[in-house]
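Trainee: Sharing a sequence plus its predicted fold:
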Amino acid sequence: MNDLVHTLNLRKKTKQQFKKARKPNYVNAKLDVPKGLYEKCPNCKEAVHIKQAYENMFLCKHCGEHFRMRAVDRINFTIDPGTFVEKGLGYITLNPLFQDGYAEKINEYKEKTDIDEAYIYGYGKIKGVPCVIGVMDSYFLMGSMGSVVGEKITRSFEYAMYKRLPMVIFTASGGARMQEGIYSLMQMAKTSAAVLKHSEMGLLYISVLTHPTTGGVTASFASLGDIILAEPNSLIGFAGPRVIEQTIGQQLPEGFQKSEFLKEKGFIDKVVHRNDMKNTLYKILYMHRRY
Amino acid sequence: MDILQKERKIRELEAKIDELDNDVLINKLKDEIESYKREAMTNLSAWDRVLVARHQHRPTACDFIDFIFDEFIELHGDRQYADDHSIVAGLAMLNGVSVTVIAQQKGKTLDENLARNFAMPHPEGYRKALRLMKQAEKFNRPIITLIDTPGAYPGMGAEERGQGEAIARNLLEMSGFTVPIVAVVIGEGGSGGALALGVANKVLMLENSIYSILSPEGYATILWKDASRASEAAEAMKLTSYDLEELGIIDEIIREPLGGAHFNKEETYENTKKAIVEALLDLSGFSPLELREKRIDKYRNFGFFQRFNYDNLGGVKR
């Protein structure tokens, strides 16, 4: 009898899992930010009402600081309502190097964020102009790039090539995923090659760097956009600030590796406020339309 | 007891030979050393290989270049900012064929290492490499890269001059070249610094070299918050040549003499030269476009995951 109950339970469980995998429910996704009703702004240390921040596009109403954002919210704010079709579902992250605790960690984050990896992409329209949009989610293991993220990014470029559409990617990542070791490193070459192929078809690729974009992502597809935009005051660089401080043995100056700094040095085309992002993207896409 | 201590013991025993004057005793001691060496130096652990790869007397890129190539003309500068001394690059002849060689050079003494920045390139180094690779593409020369770096240099200047962009550009351009590219990991292959010269048709690796996403120390610090567990991390990271061949990341292992390249340098150079020539011969059968497609396809297939395909259902609409 017990066996029967056990099997039934198991069956129920797997059914639920499949249900979940087939139809992700982002609406009830728990946010990492709101531990309470109010959150402290990292820039001006003022208390910010979470619900208000959401309505205000995750901007601090006191100082205009851009908070980190879930990928789904980003899509909601950027893409015309009702036009987004997510592609490339059903990827399962494995544990290629058999690291302790990696599989559990992935499952934990899957439950917490309700997406199956740190990157989602699909077809969408920005003010009526079609494009392929990809967004990295820094709440999923710091948006790190492992095998699945690398594969999905490559796929999104291939999908854009197949549909002959421009590509827009919002990056937010801590770099390559350490737990997958050498496989993560190879994703850098893989995604760069995908950018090359996409670019050779004469298609547009806009990369939007958001806080934080570091490590292997900066050193691959994020820096290769035809047009590179960035959000104000976001950390963008290859080596992390702590690593640099350890190496040179002194404090870094204020504003080092921030987007304004990089614009000054000539590595970013434009720093765009979140309120203007959709409009700017639309204008650029409109200027590159091909019909 | 790690490999360096074992090596020290062997050196001590070898020093004893000079003190002896009896032939019988000398031969006996020699046999003893030989058998000890065989016992101690086979089946090295991952951490031992890390230590050998970083060994002070391990031959550097310039030694390899001197032996393998008949002539070598070093070329300098990235035409934009400066010349990076951690990357040695230029034209060379290999068995009568002209090739472009790009190598990361470690120093042997502290002064040399400071001048070479411990083989950690700055952005101008990658740009120099890219300039010479484009030149090789123009004149249809095969490209040979020798990789030996702990990683890209994490400094202020490097960030200001766009380290990430320089590496990314190298990855993109290297996947697009139509000439054969052979990369040889001769020592440490660390993170983006190594990959920026490592997008190749054939990736060869010396037996006791390592190739990884970051140093074992860094890995232990990030994941376990404890840098002293580096030896454990080395085991877990799968960074030795044998592991990487199993994972399909590299194409071929170049044998080293017992105990590491520094025990018999000539033999190492000889093996490396043979492997490079063979790899180039293998690649000579392909047309330029085939070479390019093969390279892109090779990197396209790296990754370890599973997938249920929902795309044929038309995606999920929200």
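Mentor: The structure has been received and is ready for your questions. Numbers count the residues shown, from 1 in each chain, chains lettered A, B, ... in the order given.

Trainee: elements contacting the helix or strand hosting B:E34?
Mentor: According to DSSP states H and E, B:E34 maps onto helix B:23-41. Taking 3 or more C-beta pairs under 8 Å, 6 or more residues apart in numbering or on different chains; DSSP states H and E as the contact definition, the neighbouring helices and strands of helix B:23-41 are helix B:3-19. For glycine as for every other residue, the C-beta is placed from the backbone atoms N, C-alpha and C.

Trainee: Show me what counts as buried in the helix it packs on.
Mentor: B:I3, B:K6, B:E7, B:I10 (16 or more other C-beta atoms under 10 Å in any protein chain shown).

Trainee: try stretch B:240-256
Mentor: Judged by neighbour count (16+ other C-beta under 10 Å), stretch B:240-256 contains these buried residues: B:T240, B:S241, B:D243, B:L244, B:L247, B:I249, B:I250, B:D251, B:I253, B:I254, B:E256.

Trainee: what pLDDT does the third one get?
Mentor: Here the pLDDT value assigned to B:D243 is 92.

Trainee: How many residues are close by residue 113?
Mentor: This is for chain A. Using other C-beta atoms under 10 Å in any protein chain shown, A:T113 is surrounded by 22 other residues.

Trainee: Correction: the question concerned chain B.
Mentor: Every residue meeting other C-beta under 10 Å relative to B:N113 is counted, giving 15.

Trainee: Tell me if I am right that it is in a strand.
Mentor: No - the assignment for B:N113 by DSSP: H, G, I helix; E, B strand; the rest coil gives helix, which leaves it out of any strand.

Trainee: For it, which non-adjacent residue is closest in space?
Mentor: Excluding its sequence neighbours, the residue lying closest to B:N113 (C-beta to C-beta, 6 or more residues apart in numbering or on different chains) is B:G107, at 3.6 Å.

Trainee: which residues sit in contact with residue 260?
Mentor: Assuming you mean chain A. A:E260 makes contacts with A:P232, A:N233, A:V271, as judged by C-beta atoms under 8 Å, 6 or more residues apart in numbering or on different chains.

Trainee: Oops, wrong one, chain B.
Mentor: Under the criterion of C-beta under 8 Å, 6+ apart, the contact list for B:G260 reads B:I3, B:M41, B:V52, B:H55, B:R58, B:N208.

Trainee: Output the set of residues of the stretch 51-200 of chain B in proximity to chain A.
Mentor: Remark: the part of the stretch 51-200 of chain B in contact with chain A comprises B:152-156, B:158-165, B:167-169, B:171-172, B:174-176, B:191-192, B:195-196, B:198-199, using C-beta under 8 Å from any C-beta of the partner chain.

Trainee: at 7 Å what do you get?
Mentor: Contact residues (C-beta under 7 Å from any C-beta of the partner chain) of the stretch 51-200 of chain B with chain A: B:152, B:154-156, B:159-160, B:162-165, B:167-168, B:171-172, B:175-176, B:191-192, B:195, B:199.

Trainee: ok, A:I120 touching A:V135?
Mentor: Yes - look at A:I120 against A:V135 with C-beta atoms under 7 Å: they come within range, at 5.9 Å.

Trainee: Give me the common contacts of the two.
Mentor: A shared contact of A:I120 and A:V135, defined by C-beta atoms under 7 Å, 6 or more residues apart in numbering or on different chains, is any residue touching both; here these are A:A71.

Trainee: Now B:S228: closest residue in space that isn't a chain neighbour?
Mentor: In space, and not counting its chain neighbours, B:S228 is closest to B:A220: 7.4 Å by C-beta to C-beta, 6+ apart.

Trainee: err, B:I87, not the other one
Mentor: Take B:I87 and drop its neighbours on the chain: the residue closest to it by C-beta to C-beta, 6+ apart is B:G125, 4.1 Å away.

Trainee: if I've got this straight, that neighbour is in a helix?
Mentor: Yes - under the criterion used here (three-state DSSP), B:G125 sits inside a helix.

Trainee: Give me the contact list for the helix or strand in which B:Y211 is found.
Mentor: Secondary structure assigned from DSSP H and E places B:Y211 in strand B:210-212. By C-beta under 7 Å, 6+ apart, the residues outside strand B:210-212 that reach it are A:181-182, B:49-50, B:53, B:185, B:188-190, B:194, B:205, B:237, B:239-240, B:244.

Trainee: Please name every helix or strand in contact with the following helix or strand past it.
Mentor: Note on strand B:210-212: by DSSP H and E, the next helix or strand toward the C-terminus is helix B:216-224. With contacts defined as 3 or more C-beta pairs under 7 Å, 6 or more residues apart in numbering or on different chains; DSSP states H and E, helix B:216-224 has these neighbours: helix B:230-237.
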